[in-house]
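Student: Sequence and predicted structure are below.
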Amino acid sequence: MKHLLDALSYGAPPHGGFAVGLDRYIALLAAEGDPSLPVREVIAFPKSKEGKDLMSKAPVIPNQEQLERYGVRFEEEGKTEKIPVPAHS
């Protein structure tokens, strides 16, 4: 397991959602092998059923300054509004 953790210390590879399952493994260790312990009990940053992070209140709608900084715009279906993006120097 040490070689895996050493490799992950350099960053996680793209895995498309298929990962080793360390959270499930830790849940089994914490529950002493009882598979009925929910994985949510051992996840460091759990999300609500709606996919929101209750500690950071994410996701949130970015403000205009953030939209301009990263060159992002939102479009409603059937309605396109161009937002000017500042040129990079």
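Tutor: That came through fine.

Student: Please enumerate the helices of the protein.
Tutor: For the chain, helices defined by DSSP state H occupy the ranges 2-8, 22-30, 64-70.

Student: residues contacting residue 46?
Tutor: For residue 46, the residues meeting the contact criterion (CB atoms under 8 Å, 6 or more residues apart in numbering) are residue 40. In this view, the C-beta of every residue, glycine as well, is placed from N, C-alpha and C.

Student: So what's the residue count around residue 57?
Tutor: Around residue 57 there are 8 other residues, counting by other CB atoms under 10 Å.

Student: Tell me the spacing between it and residue 44.
Tutor: Applying CB to CB, to the nearest Å, one obtains 17 Å for the distance of residue 57 from residue 44.

Student: Okay, buried residues for the worst-scoring helix or strand of the chain on mean pLDDT please.
Tutor: Within the chain, confidence by mean pLDDT, DSSP states H and E is lowest for helix 22-30 among all helices and strands, at a mean of 81. Taking 16 or more other CB atoms under 10 Å as the neighbour-count basis, helix 22-30 is seen to contain the buried residues 23, 26-28.

Student: coming back round to it: and residue 40, which of the helices of the chain is closest to it?
Tutor: With CB to CB as the criterion, residue 40 lies closest to helix 22-30 of the helices of the chain, at 8.8 Å.

Student: Quick one: distance of stretch 50-58 to the chain centre.
Tutor: Distance of stretch 50-58 from its chain centroid, counting by CA atoms, centre = their mean, to the nearest Å, is 10 Å.

Student: Next: stretch 27-42.
Tutor: When distances are taken as CA atoms, centre = their mean, stretch 27-42 is centred 22 Å away from the chain's centroid.

Student: Just the buried positions in it, please.
Tutor: Residues of stretch 27-42 classed as buried under the neighbour-count rule (16+ other CB under 10 Å) are 27-28, 37, 42.

Student: what's in contact with it?
Tutor: Contact partners of stretch 27-42, identified using CB under 8 Å, 6+ apart, comprise 23-24, 26, 46.
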